[in-house]
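Engineer: Fold the stuff below for me.
(3 chains)
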Amino acid sequence: MVTKKRWGERMVMEQLINGLTIGIIYALIAVGYSLVFGILRLVNFSHGSVYAFGAHMSLLFISMEFGIVPAIIASMIFTGMLGIAIDKLSLEPLRMKGSKPIAALITTIGISYIIQNMLMIVFGSETKSFPRLFNYGTVRIFGVNVGSTQIAIFFISLVLLVALTAIIHYTKVGLAMRGVEQNAKASYLMGINVNRVVTFTFFLGGVSAAIAGTLVSGYYQMVSPGMGFMPGLKAFSAAVLGGIGILYGSVIGGLVVGISETFAATYLGGSYRDAVAFIILILVLLVRPNGLFGKKGIKKV
Amino acid sequence: MAYLSIDKISMHFGGLVALEDVSIQVEPGEIVSIIGPNGAGKTTLFNVITGVYKPTSGSIHFENQPIHNKEPQEIVKAGIARTFQNIRLCKDMRVIENVLLGMHTHTDYHFWDAVFRTKKFKTIELEKHEEALRILTSIGLQDQIHNYATNLPYGAQRRLEISRAIATKAKIILLDEPAAGMNAFETDALLDFIMELKIQGFTIILIEHDMRLVMNISDRIYVIDHGKKIAEGLPKDIAKNPRVIEAYLGRKEENA
Amino acid sequence: MDDLRRLIKENRIPLYRKMDQYRHYIIAGLLLLLLALPYLLNSQYIMRIIIMICVYSILGMSLGLITGYTGQTSLGHAAFYAIGAYTSAIISVTYGVSFFITAPIAACVAALMGLLLGLPTLRLSGTYLAITTLGFAEVVRMIFLNWERVTNGPLGISRIPRPVFFGIELTIANNGMYYLVLAFLLLTTLVMHFIVRSKFGRALTAIRDDEVAAVMMGVRTTYYKIIAFVVGAFFAGLAGAFYAHMIRFIDPNTFTFDTSILILSIVILGGMGTIKGMFLGAILLISFPELLRFVQEYRFVLYGLILVLMMRFRPQGLLGGQQKTDYAFPKGMKVDNQ
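Structural biologist: The predicted model follows:
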């Protein structure tokens, strides 16, 4: 009886840690959505494939024997550039033309298809193995064994999230980002180069996606061109859950989605795992259309 | 009670007070103007009357029925229609379709009538199209019926917006700065047109900055500043009212 | 001489006007052509592609009502297609009921789900709606994947019976399936045309153009959005039922996000707010990968490019936007100044 209970507790603890690991990665991806949404009011649908692109770049540079850390840094730069390219080539012209918001959304869906399928054509559509990152055995925490990879993922992500927040709150470009987020026109009139701010935002989004993609690939030890689709959607759900455009909301949303889907997989069966995020998303939107931490706007006529 | 009776309406957005205890009475067939500096709350008042915003407090009665708690759609149906400061036509629809849209609430056939093209459907559609054509002819847009709303010149778009409001079978029409962006010649035509509407029996509430138009046309004028009503009366009295002059030109310096 | 030439030029009736004048004859001619098509082509392979074009035209029109006319972007239209296919397949396999009974049931079940999905539009708009429809479609797919007792899970449902019409089993070989899909296509086109050319169509278009203006003209936007979702889902369900009984095997992988995007691409390429554009969109997007085999691998890159380029250079689609032809008044209308 006692042992059974203890076993149950340990299982919950293990699931919680697994959930936190995957959740913090969702948070990292969700922040990418949130950054762009905050500034452009646009759901950057291509973010999931940018994430897959980042993972493939890391794999490419690792296989070219760059060494892990330089490979990741190279991948960050290339993926950040991809983010910039997406904005410059496809979204900025739409802004210049004053297109309807939905045009931008559909454009990013198109971009997502192009990237994902180009990855398939270049790298092959099959799943490829990825080296395990930060493998230094396991550590015992709260009576359960936790892999060093998990710990590394958690802390790297945490550091990045803190760094992102610091950039937004304590740097000049961060101030400009917040200004554009509040009121793009006023910021423009105050001499802020709005397009440069947007470019920087896409760069940050790409960089964070590259890191998230690499960490996940290292965790599951595999990459495939379609890998970004589900995590992208789930991270997006997480961002909406927390109130898209609000950074800490995205982080909490990511953790909630990660933990609840890990528990769902354990207690409802693995095949329901993927539905959890969407069910949470739909329920949240029905009850609080602006997300848990979102503000309500006044309708202007 | 007056035909349209607005009693002590207040509208707060969080801490911001957009309207405070505003009361306005309108009688049938009148042209009533609402003037005031930018940001005084005039358009907010229109939004409250037409149900876009629910007032924080106060009441509005139209033909002795309360309307302040009704949805915009019910208010249109009751007989109050409006135009917008920044023209809101359905741009990708044709001119005649915009007018037909105005007739929406009194185009009375069921979904199945449309799907099965029943006799009822055909009769009503024919009737409404003829009516739309009549309205467009009366407003001078008869040679533009096939055109798309977005292709019309500015003045014509304003007129189309008004004809769309007329098409709702409104008894009261709220015009939000109809002369904005018009030259003197166009404004004169607008003045004639509004007088024409009055003769046809419409009651009109007008928000306008063009003082020449307001003074020439209004039966009575209300002045709003900072969300409060500061004056009301006949045009000639309003023009001389010191509080109105102050609101528009600012307070006179003591030593000036 | 120059004067004469100018005179001729000025009085020449442009092609679109001529086509508009004779549109009844053109439509009749097209119909005859469609009826005679199997005998003209005499190829099962091509007929199969044409049937799929018809199926996707129906899907395009059904999404067109929601996205093209009403402006409510749906990224989960494959869900209704799937619901129609599964409902019809399950009922006919389990109870041996005829396709001509299961298909309407399937369409109604899909419509009911459309109502369920339409209700959130009470509160959501734009991006949030788009994502919710996507989430909805994923949840639907996961239910089909996991509810093994009923849907047979990932293995799918096989040996779905062919439709039997007065004792004749309809197949692709005897062209029965072609005429069946043609009948569905005509039905969908007519109903869509009738809806669009009525106060319902005007209300839907007004919601797309300017929702606030629509409200201020007395349009109960929620009700109309739900109508769009229900009707759209109904016809997508009908298309799904047909598809299930034609292919005779369905599994959750047929109805993924890719399918939703393919349907959306048809609507966008063809032209939002048109019916004829849906035919053009379906013809182009379904036949291209078949015609150009080498494109096969790049098919989804092509779809992606279509979305991006159309949004940039022709957001109204190939046949969308302002029409050059006159507004068509109802029959019996006297218009003086023509």
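Engineer: Whatever residue of the stretch 101-250 of chain B ends up closest to chain A: neighbouring residues, count only.
Structural biologist: The stretch 101-250 of chain B approaches chain A most closely through B:D176 (9.5 Å), counting by Cβ to the nearest Cβ. C-beta coordinates here come from the backbone N, C-alpha and C atoms, glycine included. B:D176 has 23 neighbouring residues, counting by other Cβ atoms under 10 Å in any protein chain shown.
Engineer: and what of C:G135?
Structural biologist: Counted with other Cβ under 10 Å, the neighbours of C:G135 add up to 25.
Engineer: one step back: skipping adjacent residues, who's closest to the residue of the stretch 101-250 of chain B closest to chain A in space?
Structural biologist: Spatially, and ignoring its direct neighbours in sequence, B:D176 is nearest to B:Q85 (4.5 Å; Cβ to Cβ, 6 or more residues apart in numbering or on different chains).
Engineer: and the one you found, what does it touch?
Structural biologist: Contact analysis of B:Q85 by Cβ atoms under 8 Å, 6 or more residues apart in numbering or on different chains lists B:T43, B:D176, B:E177, B:A180, B:I207.
Engineer: Tell me the buried residues within the residues you listed.
Structural biologist: B:T43, B:D176, B:E177, B:A180, B:I207 (16 or more other Cβ atoms under 10 Å in any protein chain shown).
Engineer: which one of those residues sits closest to C:M246?
Structural biologist: The shortest approach to C:M246 among the buried ones among the contacts of B:Q85 belongs to B:D176, at 56.2 Å (Cβ to Cβ).
Engineer: Can you pull the phi/psi pair for the closest one?
Structural biologist: B:D176 adopts backbone torsions of phi -100, psi 100, taken as degrees, to the nearest 10.
Engineer: Help me confirm that it comes into contact with B:T83.
Structural biologist: Yes. Assessed by Cβ atoms under 8 Å, B:D176 is found in contact with B:T83 at 5.7 Å.
Engineer: need the longest helix for chain C.
Structural biologist: helix C:221-247 (DSSP state H).
Engineer: Is chain A within reach of whatever helix or strand comes next after it?
Structural biologist: Moving toward the C-terminus from helix C:221-247, the next helix or strand (DSSP states H and E) is helix C:257-270. Yes. Residues of helix C:257-270 contacting chain A under Cβ under 8 Å from any Cβ of the partner chain: C:F257, C:I261, C:L264, C:I268.
Engineer: returning to that earlier point: now, the most widely separated pair of the buried ones among the contacts of B:Q85?
Structural biologist: B:T43 and B:A180 (11.7 Å).
Engineer: List, one by one, the residues from the stretch 151-300 of chain C near chain A.
Structural biologist: C:V212, C:F257, C:I261, C:L264, C:I268, C:E297, C:Y298, C:F300.
Engineer: Can you list the helices and strands that the longest helix seen in chain A packs against?
Structural biologist: As assigned by DSSP H, the longest helix anywhere in chain A is helix A:2-40. Applying 3 or more Cβ pairs under 8 Å, 6 or more residues apart in numbering or on different chains; DSSP states H and E, one finds that helix A:2-40 contacts helix A:47-63, strand A:144-147, helix A:148-170, helix A:172-182, helix A:194-220, helix A:229-242, helix A:247-268.
Engineer: quick one: the first one to helix A:194-220, angle?
Structural biologist: The directions of helix A:47-63 and helix A:194-220 differ by 60 degrees, with axes from the mean of the first three to the mean of the last three Cα atoms, to 10 degrees as the criterion.
Engineer: returning to what we had before: and the residues of the stretch 151-300 of chain C next to chain A, which is closest to chain B?
Structural biologist: Using Cβ to the nearest Cβ, these come closest to chain B at C:V212, 6.4 Å.
Engineer: For the nearest residue to A:V31 once chain neighbours are set aside, which residues are in contact?
Structural biologist: Computed as Cβ to Cβ, 6+ apart, the closest residue to A:V31 that is not its neighbour in sequence is A:S250, at 5.1 Å. The contact partners of A:S250, by Cβ under 8 Å, 6+ apart, come to A:A27, A:A30, A:V31, A:Y33, A:S34, A:A238, A:A239, A:G242, A:I244.
Engineer: Could you report the distance from the fourth one to chain C?
Structural biologist: Computed as Cβ to the nearest Cβ, to the nearest Å, the A:Y33 to chain C distance reads 10 Å.
Engineer: my read: that residue touches A:A235, true?
Structural biologist: Yes. Contact criterion Cβ under 8 Å: A:Y33 and A:A235 qualify, at 6.4 Å.
Engineer: Now do the shared contacts for those two.
Structural biologist: Shared contacts of A:Y33 and A:A235, counting by Cβ under 8 Å, 6+ apart, come down to A:H47.
Engineer: Which of those two has more residues huddled nearby?
Structural biologist: Set A:Y33 next to A:A235 and count neighbours by other Cβ under 10 Å: A:A235 wins out with 32 against 27.
Engineer: mind listing what the more buried one touches?
Structural biologist: By Cβ under 8 Å, 6+ apart, the neighbours of A:A235 are A:Y26, A:A27, A:I29, A:A30, A:G32, A:Y33, A:H47, A:G48, A:G254, A:V257.
Engineer: what do you get for B:G140?
Structural biologist: Applying Cβ under 8 Å, 6+ apart to B:G140 gives the contacts B:R159.
Engineer: Please settle this for me: is it part of a helix?
Structural biologist: No. Using DSSP: H, G, I helix; E, B strand; the rest coil, the secondary structure at B:G140 is coil, not a helix.
Engineer: Any chance you could list what contacts the lowest-mean-pLDDT helix or strand in chain A?
Structural biologist: Among the helices and strands of chain A, strand A:138-141 carries the lowest confidence by mean pLDDT, DSSP states H and E, at a mean of 74. Strand A:138-141 has contacts (Cβ under 8 Å, 6+ apart) with A:I17, A:N145, A:V146, A:G147, A:S148, A:I151.
Engineer: If anything else comes up later, I'll come back, but that's it for now.
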